[in-house]
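Novice: A predicted structure for the sequence below; I have some questions about it.
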Amino acid sequence: MTTVKRPFAPVADKATLVLFRNKGGTGIALKPSIFLDGEQLARMQYGRYVAFTVPAGKHEIAVDFAWNPTVEILTETGKVYYFRLCDPYWRVAWQVSEEEALFGLGKLAPIDPDNVKSKDTVAALSPN
């Protein structure tokens, strides 16, 4: 199991978004889909994380249940943004600080490659 010990390295010409789902809470067996701008990127497993790169600009992150709000973010090149997927109700949490994210990510593993739906967008499954 690979765990995060340090931050993800920024990508010079893109922004990096890191989403994670802590252990604990409800729905252990469920794997909600993560969408970026309407495209399915991955199925998020319990206690896992995924990172993907995007062009700079405005984006929407959503999960697969209709009652969940989307999170809009304005990204800049060379920056890393962290989001926590919250139980219950599979809503994407507000953006969290790198310190808070790394505290949570240090206990998690990357999602399994077969849960990646967009191979072109999903970044390396482990940091530096």
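Specialist: Looks like it came in fine.
Novice: please name the residues that touch the closest residue in space to Ile28 that isn't next to it in sequence.
Specialist: Leaving out its chain neighbours, the residue that sits closest to Ile28 by Cβ to Cβ, 6 or more residues apart in numbering is Tyr46, at 4.9 Å. Just so you know, the C-beta spots here come from the backbone N, C-alpha and C atoms, and that holds for glycine as well. Contacts for Tyr46 (Cβ atoms under 8 Å, 6 or more residues apart in numbering) come out as Arg21, Lys23, Gly27, Ile28, Ala29, Leu30, Lys31.
Novice: how much space separates the nearest residue to Lys79 once chain neighbours are set aside from Lys117?
Specialist: Closest residue to Lys79 apart from its sequence neighbours, by Cβ to Cβ, 6+ apart: Ala15 at 5.4 Å. Note on Ala15: its distance to Lys117, by Cβ to Cβ, to the nearest Å, is 20 Å.
Novice: now swap in Gln45 and tell me
Specialist: 13 Å.
Novice: more neighbours: which of the two?
Specialist: Set Gln45 next to Lys117 and count neighbours by other Cβ atoms under 10 Å: Gln45 wins out with 20 against 15.
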